[in-house]
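In: sequence and predicted structure below; questions after.
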Amino acid sequence: MGQRPGQEVGWVPKTKLGRQVQQGEIVSMEEIFTQGLRIKEPEIVDTLLPNIQQEVLGIGFVQKQTDAGEGSVRVEVLPGPRGLGLVAGEIPKQVLRLAGVRDCWTRTFGSTSTLTSSALAVFDALTRTYSVVTQGDWVN
């Protein structure tokens, strides 16, 4: 099959998902997420999202974490009215903006001064929003 737009030149997929993306059987990130598949090759993202941009949240020293230091931040994302904007600290605000969230409040618990822990806590809060079952998800 021919080269897809945005596809890496000379990319040889190593996983089944990579082969499906290269052959055009999977054409969006939504298909990957709804099927609960794991992305193990960066070229998959490069192929499906050719115009994706990266943003550096911060640069600093990384300290080795012990069991006591892991998961010391928890974030709650609460829906807000349209036009509110993002009511959050700088790091959570950047992560939420990159995720496409426009209006919300946030509550943070724990040591929020750690950039990595704060960013991962927001990401964790966003992934948990997919665990909510709505009436539209019920099977008749």
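Out: Great, that's in hand.
In: regarding the protein, what is its longest helix?
Out: Looking only at the chain and at elements set by DSSP state H, the helix with the highest residue count is helix 115-128.
In: quick one: that one to chain centroid distance?
Out: Between the mean C-alpha location of helix 115-128 and the chain-wide mean there is a distance of 9 Å, by CA atoms, centre = their mean, to the nearest Å.
In: one more: stretch 21-41?
Out: Centroid separation between stretch 21-41 and its chain, computed with CA atoms, centre = their mean, is 15 Å.
In: span of it from start to end?
Out: Distance between the boundary residues of stretch 21-41 (CA to CA, to the nearest Å) amounts to 11 Å.
In: can you check stretch 47-56 too?
Out: 22 Å.
In: for the remainder of this discussion, apply numbering that starts at 829.
Out: In the new numbering, first residue 829, that becomes stretch 875-884.
In: from the chain's centroid, how far away is it?
Out: Relative to where its chain is centred, stretch 875-884 has its mean C-alpha point 12 Å off (CA atoms, centre = their mean).
In: before we move on, what about stretch 916-928?
Out: Chain-centre distance of stretch 916-928: 11 Å, with CA atoms, centre = their mean.
In: what residues are up against the residue sitting nearest the centre point of the chain?
Out: With the centre of the chain defined as its mean C-alpha position, the nearest residue by CA atoms, centre = their mean is Phe951, 6.1 Å away. Under the criterion of CB atoms under 8 Å, 6 or more residues apart in numbering, the neighbours of Phe951 are Val923. Placement of C-beta: from N, CA and C, glycine included.
In: stretch 909-922: which residues count as buried?
Out: Taking 16 or more other CB atoms under 10 Å as the basis for neighbour counts, the residues of stretch 909-922 that come out buried are 914, 916, 919-922.
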